[in-house]
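Chemist: With the sequence up front, the predicted model follows.
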Amino acid sequence: MPNSVSSPLATLGRVLYALSLLGIGVQYALYGQLRRALPLCPTGLPHHHVLAYALAAVCIGSSLLLLVSWQTLSVSLILGLLLLASSALYLWPLQGNLNDTLGYALNNANDRTVFLECLCFAATALILHGLSAGARGRYTLMPGRILFAFAMVLFGLQHFLYVHYLATLVPRWIHGHHLWVILTGFALIAAGISIATTIEDRYAAYGLFLLFGGWLILLHAPRIFHHLHSGEEWSSGFVALGLCGASLLLATASGGTSKPAKRKERPWRP
């Protein structure tokens with residue numbers, strides 16, 4: 001295993017990502033059906049009970065393998081491709097014509113959000129595979145970075161489209177709800193651009209980790225505590241946990257462009 005993926009930072013990112021997958025897999029197993037709050041597959045598919053249990057098996061099995069770091073190279077690649085295919089189902093004409101389905105998936109805020117979350121989980125698996133593959137990992141690492149960056153930019157834009165609604169999610173004891181939503185939108189867009197261009201991408205990844213970790217502690221954890229039987233709150237918490245893991249993996253995969261180039265010394269001449 002390459003040193004990059006066995007570093008403490010990458011190990012923590014892998015563990016957090018695996019735990020989030022484990023939580024989502026357990027939810028699929030408990031519900032036995034596809035739910036809109038669960039981001040890995042769209043609802044409305046035929047044989048949804050079979051698909052729910054299949055997703056539960058995939059998520060639980062892959063998460064356990066990732067937790068013990070067994071066959072990480074193969075598991076992450078298979079998982080990334082499967083999640084990429086399941087995210088594409090959000091854009092597939094499941095009912096009606098193509099234009100109606102694309103409009104439903106991309107113009108509906110809730111469905112666009114779960115689509116982007118699924119895309120982030122697929123991108124994270126590809127990033128993990130790229131780190132595990134070493135020099136050969138550029139074929140999955142770069143697509144993973146681009147997909148994750150794309151999702152961050154769209155998440156940031158959504159903060160401007162739904163300022164009033166997102167402001168209601170900010171804890172009451174924090175002042176300036178609308179301001180925090182707007183600042184967060186700018187931060188997500190800037191981080192997405194930084195990750196896509198690899199300019200100061202390590203700092204962007206650390207910033208995303210702090211952002212998602214803050215959401216997990218300040219926003220999702222209290223909501224889960226007060227609504228222990230709400231599957232949607234648990235799902236949101238697992239997604240935030242997975243994005244924390246993705247951020248740490250991205251920090252490990254940083255191109256290091258922020259480091260200044262060494263200056264060549266001229267030979268001394270009398």
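Modeler: Looks like it came in fine. Just so it is clear, the structure is predicted and the values come from calculations on it, not from any experiment.
Chemist: lowest-pLDDT helix or strand in the chain?
Modeler: Here the helix or strand of the chain ranked lowest by mean pLDDT, DSSP states H and E is helix 98-107, holding a mean of 49.
Chemist: Need the residue closest to the centroid of the chain.
Modeler: C120 (3.4 Å; CA atoms, centre = their mean).
Chemist: if I look at W92, how far off is G44?
Modeler: As judged by CB to CB, to the nearest Å, W92 and G44 stand 11 Å apart. Backbone N, C-alpha and C define where each C-beta goes, glycine included.
Chemist: ok, and what's touching the one helix or strand H178 maps to?
Modeler: Element membership for H178 (DSSP states H and E) is helix 177-197. Contacts with helix 177-197, where a contact means CB atoms under 8 Å, 6 or more residues apart in numbering, come from 145-146, 148-153, 155-160, 163-164, 166-168, 170, 174, 199-201, 203-205, 207-208, 211, 250.
Chemist: give me that answer again for 6 Å
Modeler: 145-146, 149, 152-153, 155-156, 159-160, 163, 166-167, 170, 200-201, 204, 207-208 (CB atoms under 6 Å, 6 or more residues apart in numbering).
Chemist: Would you mind checking the residues you listed for buried ones?
Modeler: 145, 149, 152-153, 155-156, 159, 166-167, 170, 200-201, 204, 207-208 (16 or more other CB atoms under 10 Å).
Chemist: next structured bit after the helix or strand in which F225 is found?
Modeler: Using DSSP H and E, F225 falls within helix 221-226. Heading C-terminal from helix 221-226, the first helix or strand you meet, by DSSP H and E, is helix 231-252.
Chemist: Return the set of buried residues in that following helix.
Modeler: In helix 231-252, counting by 16+ other CB under 10 Å, buried: 233-252.
Chemist: Output the below-cut-off pLDDT ranges for the protein.
Modeler: 1-5, 93-107, 255-270 (pLDDT under 70).
Chemist: the helices in it, which residues?
Modeler: Remark: helices assigned in the chain by DSSP state H are 3-6, 8-31, 48-67, 72-88, 98-107, 109-133, 138-161, 163-167, 177-197, 201-214, 221-226, 231-252.
Chemist: residues contacting E233?
Modeler: Applying CB under 6 Å, 6+ apart, the residues contacting E233 are 223-224, 227.
Chemist: hmm, 10 Å instead?
Modeler: The contact partners of E233, taken as CB atoms under 10 Å, 6 or more residues apart in numbering, are 37, 220-227.
Chemist: And the residue lying closest to A10 once chain neighbours are set aside, how close does it get to C41?
Modeler: Nearest-residue entry for A10: T252, 4.2 Å, with adjacent residues in sequence omitted and distances by CB to CB, 6 or more residues apart in numbering. According to CB to CB, T252 stands 28 Å off from C41.
Chemist: Dihedrals phi and psi, H229?
Modeler: The phi/psi pair for H229 (degrees, to the nearest 10) reads phi -100, psi 10.
Chemist: Kindly provide the distance from it to G237.
Modeler: Counting by CB to CB, the gap from H229 to G237 is 14 Å.
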